[in-house]
Each structure stands twice: as structure tokens, then as C-alpha cells.
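[1] Make a model of this:
(2 chains)
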Amino acid sequence: MPARSASPLSDENSLARRDGPRKRTVQPALASRVAERPDLDGGWLVAADADQGLVTRVRELWRYRRILWFFSLKSLQTLYSKTVLGPAWIFIRTLVPLGVSSFVFGSIMQVPSGGVPYFVFFLAGQVPWNCFDGPLIRGSRGIEINRQLLTKLYVPRIILPLASMTAGVAEPVIIALVLAGSLVYYRVNEGVWYLRPEPQLLAAIAAVVLVLAFAFSLTLWTSVWQARARDARFMLRYVVGFWLFLTPVIYPLSAVPADIRWLAQLNPLTAPIETFKWALLPGMQHSWGWFLYSVGATVSVFLAGAWYFTRSESITMDKL
Amino acid sequence: MNARWEVSSRHPGAVATLGEVWQYRKLLGFIGDRALRKMYRRTVLGWLWLFINPLFPIALRAIIFGGLLGVGSNGLPYFLFLIAGSVVWDTFSNSLMWGTRSLEMNRDLTDQIYHPRALLPFGNMTPALLNMALKVGVLVVAVIFYTAQDGRAYLRTDIGLLWALAALAVALLLALGISFFTAIWGETARDIRFALSQLLSVWYLLTPVLYPLSQVPEQHRGWMLLNPLAIIVETFKWGLFGVGELYRDQFAATAAAVLALICIGLTYFSRAEARTVAER
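    Just a heads-up that it's a prediction; the model follows:
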């Protein structure tokens, strides 16, 4: 039966979905479908739900929230389990590269930093950047690493990338702590508060939320690709590595020549990262207009991604 | 029909291991082929990766660091400067990564037929060597392009080229020497590989590939020279273009240390291989 193997409603799929949310409808549906379709000649056909809207999926996610919690904890544990140093490993792995790169970019390459010490400037860029980098890379592996599990029982697919993203949040938190420490250091040693204690600090939170939302929206695409092809992972590493250089993280946006600055601003990450720096440090610039542009870009990537993810999940299952 | 068989234990030690590798050299091509195939299995772009890999990152870094941030380059065009440094650095880091994975990747082969284990780090470096050849090709094209454009001979045509060649060889041997250790560790512990790739990304920044050593503040330069790769990279660029400084003594010391490392590594490897196979 060629028709059956080509359709997303094939046997493997039905096994994976047997415990699904529409479990109660399976038996009657089976009887009626088999009767309706003579070409199946006694074979199995268990329908995957084709018409679940966004609301249904969100409700389903809420129903499975404890599983989401469980997987999130598990992904946090994988950060340091089976390493000799334990949780200290996360700190070393985060802090050593930070120290080295800020020395190389600030002190050797003399990258401009808009009047604040380069180390502070660098950390203020790294916090929002790591809210993007870590969650995206880890979230994209969500489906792939739980392949074995998915062939055995049903969980809403979206839980897996979402839970894997959790581990990525550990790094920006550590960097934010270091940033706070270095601000205190400069206050004590040089008597300058580089932090501006003003209501616009709230904008920093908005920027972080926006970056996380953007990372999640992209994960909706990348986690599907990664479950299908191995080079999606290499490609993602590549693209994210370039993206860092194309985003004003290690340098200020003002270092980009004015006539091609709009090109850098087309990058949806530019505005939130600039906003984050502007909210924290004195003498920075940002624009709410471009921030709104980033919000718009995130919403469209999310909506398209939600559609793509829902459409692909059953097809992807067959190829695992 | 008077073939004589000698059944005896293997002789551990650097020389015996090397001799055995030489005896089985015909297998090297086979192992290299396996490594190449493994790299592109289940990928959509397949062999294209061989070309994307070296070229794309260098081009982007040249734009950001050379164009946007105006990092110095000893008076050379930044792209030329960057690709020369990258040839050495990428040869080192790629060979090290492939060498480290050699035992783990070929486990199925080791389980089935006998071959000297020491053959694997050698053979598994094939993708890294291929990558190096491609980059050297790009380097040659860049030299020709800039020479024609600026009407100025960038490349030296004297004994310096031999220094450059020696530097490249030392980088390769250093990677080989380290892989004798990391391959053994990496066979049982997969996180060696991840830890190594993290270490390499930090090491990369501390090696004068993106910037010339002369741009490092005076008080830190002595520390930078403790990094053997810094000396190797600087020697390579001095040998090719005559820019920067030749640290003759430090380079000689590095080369001697690398040879010693290879001897110790081979000895360690030959002693450990029997043990790791038994432990599986």
C-alpha cells in the first residue's frame, strides 16, 4: 500500500500517538475509517489530529506542564552531570572564555566601547546575546536527543525543545552576576556607578524577554530541521557563530559606518541588544522604532514557526 | 611450505609502534576514507561542506575584524594576514579534533580486525589535511590577487619559505603529539571532546591569528610567547611575508618540545592501548 507509507498517518506514527490527547476517540474512529477506506484492506489507520489550532495546543501544553517541568530539570542537570567538577564546571566554562575574549577584544584589538570600561560593555552585550545563543542551540537539539523516548510514548513535541532551552538560561544568569560584580568593583575602586538607577532599567527586562522569544521562535524551525538532517546542527553552529559577529555585541553599533548601519539594524537581535546596553549603561544609544521592528519580526517568525512545527511534527516522527 | 611463525607479545615503546605503523601504512588511506565518509554522512549539503568549512568563516572574520574594527595586520592586506594565520591554526585545531576522535570513531573497525591502534590518529587526520590543502590553495590565490592588484611582491622568495614550511610541520606534529593522549582519554570519556573544543576556542583567541603579536601591549607580550602556537603562527607569517619577528630560539625550543611530546605520547599510547581494549 504505497499510499499508506507516504502519508503522515502511517503505522509508526499511530504507535507513537496511541496515548495521545484524542485517545478516547481512537477506537470509534478506527472502525469508521477502515470501513470508509476499502484500500486499507484491514490495515491499521489511526488518525493523527490534523485540525488542532493554536489554542488547543497551548491548552495541551498546560495539561503536560509537569512533564515540561521534569524535562527542564533534567536538561539543567545535564549541564554538569558526569563532569568531575560538578556545578563548578558551568562557572569555569562560562567565565574563562569571557575573561579571555574581553582581554583580546578590549585590550589587544582596542575595540571602542562608548566611554565605559570595555569589560563592563562586553558583559552588557553578552547577557542578552547568551539569552539567544544558548537557548537556541540547546533547544534545537530537543527533539533529536529525545528520539528514543518519542518512539515510545506520547508527549506534545513542543515540550522537548522548550525544556531543552531551559539549560541555556543558566549562562546569561551567571554572566549577569559577573556584570553586577564588576559594576560594584568599579563603584568601589573608581567611585563611578556605571549602572543608571532609572526606570528605564525595565527596558532591559523587555529586551531579554524579546531575545528569549526570538530564540524560541527560531527553535520551532531549527528543532525540526535538526531532527531530520545532521548538518542542520553544523549549519546552526556556523550561522550562530557568524551572527555573533554581525550583531553589535563585542562592538557598539556606532562602530558600523553610518551608511550601512541600517543593514546591521535589519538583524532582529541588534535592537534588543542595543536597548539592553542603553538601559544599563550611560552614553549608549538605541531606538524604540527598531525595537518595535524586532518585536514585529519575532511575532512573524513565531507565527510562521508555530504553523511549521505543527505541520511537521507528524511527518518528522516517521523519519526519526 | 616452510613459513615460520613467531608468536610473541607486542613490544611497547615509541620506536616499535612507529615501525608497526609503517608496516601497516597501506591501511592509512582506508582509514582516511572512512573519516571523510563519516563526516558527511546524513548531511544534506554533503561534500559541499568541505568547501564551505574553510572559506566562509575566514571571509566573515576578515570583514568584521579587518573592515569594521580596523584591527592591525603588520601592513599586509587584512585578508591575506588572516588566511596565513588561519592555515596554521586550523591545521592544528582540526588535526587535534580528528586525532582525538580517532579511537572512538573507529571502534567498530578495531573490534573486527587487528591493526596497530597508533594507525588511527594518523589516518583520521585526513580531513584536516584536506582542509589544509584547500586553505593553502586560497592563500596562493590571495597572494597572486594582492600582488597583481598592489603591484608589490608580498611573498618572500628566499629561505624564509622553508621556515614557514617548518612552522606548519611543527603545528601538525604538535596536534599529533597531543592526540596520542586525548585519543586514549576520549575513547572512554566523550566529554574530552567537548572540553577540548571549548579549550580550543579560548586558545584561538589567545593565539595571534586575528591580530598581530606586535599589537599586544608590551607588558603582556612575554606571556603570549608562552603559547607554542603563538610562536608557530608568528614564524609562519614571518617566513611567508617577512612581517613581524622571528623568535628563533623559542621556535627551536618549541620544535624540540614537540618531538619530545611525540616520543612520550607514542610510549603512553602503546602502553595504554592494550589496557583500553581489554577494558571495553
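[2] Return the residues in contact with the most centrally placed residue in chain B.
    Ranked by distance to the mean C-alpha position of chain B (Cα atoms, centre = their mean), the top residue is residue B:92 at 2.4 Å. Residues in contact with residue B:92, defined by Cβ atoms under 8 Å, 6 or more residues apart in numbering or on different chains, are B:171-172, B:174-175, B:229, B:232. Heads up, the C-betas are built off the backbone N, CA and C, glycines and all.
[3] next SSE after the strand or helix carrying it?
    Per DSSP states H and E: residue B:92 is located in helix B:78-105. For helix B:78-105, the following helix or strand on the C-terminal side (DSSP H and E) is helix B:107-112.
[4] what's the average pLDDT for that next one?
    Across helix B:107-112, pLDDT averages out at 81.
[5] what does stretch A:211-224 give?
    Taken as a whole, stretch A:211-224 carries a mean pLDDT of 93.
[6] Which secondary structure elements does whichever strand or helix holds residue A:184 sit against?
    If you go by DSSP H and E, residue A:184 is part of helix A:170-190. Judged by 3 or more Cβ pairs under 8 Å, 6 or more residues apart in numbering or on different chains; DSSP states H and E, helix A:170-190 is in contact with helix A:88-102, helix A:118-140.
[7] what's the spacing between the residue of the stretch 201-320 of chain A found nearest chain B and residue B:128?
    For the stretch 201-320 of chain A and chain B, the shortest gap (Cβ to the nearest Cβ) falls at residue A:231, measuring 3.6 Å. The gap separating residue A:231 from residue B:128 is 18 Å, by Cβ to Cβ, to the nearest Å.
[8] what kind of secondary structure is residue B:114 in?
    Three-state call for residue B:114 (DSSP: H, G, I helix; E, B strand; the rest coil): coil.
[9] what's the answer for the one 3 residues further on, then?
    On the three-state scheme (three-state DSSP), residue B:117 is labelled coil.
[10] Is it in contact with residue B:266, as I believe?
    No: counting by Cβ atoms under 8 Å, residue B:117 stays clear of residue B:266, with 11.1 Å between them.
[11] for chain A, what are the nearby residues on the stretch 51-200 of chain B?
    Contact residues, the stretch 51-200 of chain B versus chain A (Cβ under 8 Å from any Cβ of the partner chain): B:52, B:56-57, B:60-61, B:64-65, B:68-69, B:71, B:191, B:198.
[12] Show me how to select, in ChimeraX, the buried members of those residues.
    ChimeraX command restricting these to the buried ones, with burial defined by 16 or more other Cβ atoms under 10 Å in any protein chain shown:
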select /B:57,61,64,65,68,69,71
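[13] quick one: which of the residues of the stretch 51-200 of chain B next to chain A is nearest residue B:151?
    Using Cβ to Cβ, residue B:71 is the member of those that lies nearest residue B:151, at 24.8 Å.
[14] dump the residue contacts of that closest one.
    So residue B:71 contacts A:109, B:65, B:78, B:210-211, B:215 (Cβ under 8 Å, 6+ apart).
[15] among the residues you listed, which ones are buried?
    Among the contacts of residue B:71, the ones that count as buried by 16+ other Cβ under 10 Å are A:109, B:65, B:78, B:210-211, B:215.
[16] with the residues you listed in mind, which one is nearest to residue A:304?
    Nearest to residue A:304 out of these is residue B:65 (Cβ to Cβ; 34.0 Å).
[17] Settle this for me: the closest one is touching residue B:81, isn't it.
    No: when contacts are counted by Cβ under 8 Å, residue B:65 is not listed as touching residue B:81 (10.0 Å).
[18] can you count the residues close to the spatially closest residue to residue A:178 that is not a sequence neighbour?
    Sequence neighbours aside, residue A:123 is the residue nearest to residue A:178 in space, at 6.1 Å (criterion: Cβ to Cβ, 6 or more residues apart in numbering or on different chains). Each residue near residue A:123 was counted by other Cβ atoms under 10 Å in any protein chain shown, and the total is 22.
[19] Is residue A:123 in contact with residue A:98, as I believe?
    Yes: using Cβ under 8 Å as the test, residue A:123 is close enough to residue A:98 to be in contact (7.1 Å).
[20] who touches both of these two?
    A:175, A:178.
[21] Enumerate the residues of the stretch 201-320 of chain A near chain B.
    Residues of the stretch 201-320 of chain A lying near chain B (Cβ under 8 Å from any Cβ): A:229-232, A:234-235, A:238, A:241-242, A:245-246, A:251, A:255-256.
[22] Buried subset of those residues, written for ChimeraX?
    For the buried members of these, the matching ChimeraX selection, counting by 16+ other Cβ under 10 Å, is:
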select /A:231,232,234,235,238,242,245,246,251,255,256
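[23] between the residues of the stretch 201-320 of chain A next to chain B, which is nearest residue B:136?
    Nearest member of those to residue B:136, counting by Cβ to Cβ, is residue A:238, at 22.0 Å.
[24] what sits against that closest one?
    For residue A:238, the contacting residues are B:52, B:56-57, by Cβ under 8 Å, 6+ apart.
[25] Make TSV out of those residues and add secondary structure.
    Shown next, in TSV, are these (three-state DSSP):
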residue	secondary structure
B:52	helix
B:56	helix
B:57	helix
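[26] And the residues you listed, which is closest to residue A:105?
    Taking Cβ to Cβ as the measure, residue A:105 lies nearest residue B:57 of the contacts of residue A:238, at 17.2 Å.
[27] Pull up the gap between the closest one and residue B:82, please.
    Noted for residue B:57: a distance of 10 Å to residue B:82, by Cβ to Cβ.
[28] mind checking the SS state of the residue of the stretch 101-250 of chain B at minimum distance from chain A?
    Proximity of the stretch 101-250 of chain B to chain A (Cβ to the nearest Cβ) peaks at residue B:205, 4.6 Å away. Using three-state DSSP, the structure places residue B:205 in helix.
[29] follow-up on the earlier one: need the contacts of residue B:71 in a markdown table with distance to residue A:290 and pLDDT, can you?
    Shown next, in a markdown table, are the contacts of residue B:71 (distance: Cβ to Cβ, whole Å; pLDDT from 0 to 100):
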| residue | distance to residue A:290 | pLDDT |
| --- | --- | --- |
| A:109 | 27 | 83 |
| B:65 | 25 | 87 |
| B:78 | 29 | 90 |
| B:210 | 29 | 89 |
| B:211 | 31 | 89 |
| B:215 | 33 | 84 |
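[30] from those residues, which ones fall inside strands?
    Among those, no residue falls in strands (DSSP state E).
[31] and those as CSV, adding distance to residue A:115?
    Supplementary listing: those in CSV, determined by distance: Cβ to Cβ, whole Å:
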residue, distance to residue A:115
A:109, 18
B:65, 22
B:78, 27
B:210, 24
B:211, 23
B:215, 22
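[32] Check those residues against residue B:156 and report the nearest one.
    residue B:78 (19.1 Å).
[33] Mean neighbour count, the helices and strands packed on helix A:170-190: which tops it?
    Comparing the helices and strands packed on helix A:170-190 by mean neighbour count (mean count of other Cβ atoms under 10 Å in any protein chain shown), helix A:118-140 comes out on top with a mean of 25.
[34] Can you work out which other helices and strands pack against it?
    Short answer (3+ Cβ pairs under 8 Å, 6+ apart): helix A:118-140 packs on helix A:88-102, helix A:159-168, helix A:170-190, helix A:201-228, helix A:231-246, helix A:270-280.
[35] Among the residues of the stretch 201-320 of chain A next to chain B, which one sits closest to residue A:188?
    residue A:251 (27.8 Å).
[36] Next, that closest one: phi, psi?
    Backbone torsions for residue A:251, taken as degrees, to the nearest 10, come to phi -140, psi 160.
[37] contacting residues around it?
    Neighbouring residues of residue A:251 by Cβ under 8 Å, 6+ apart: A:105, A:111-112, B:68-69.
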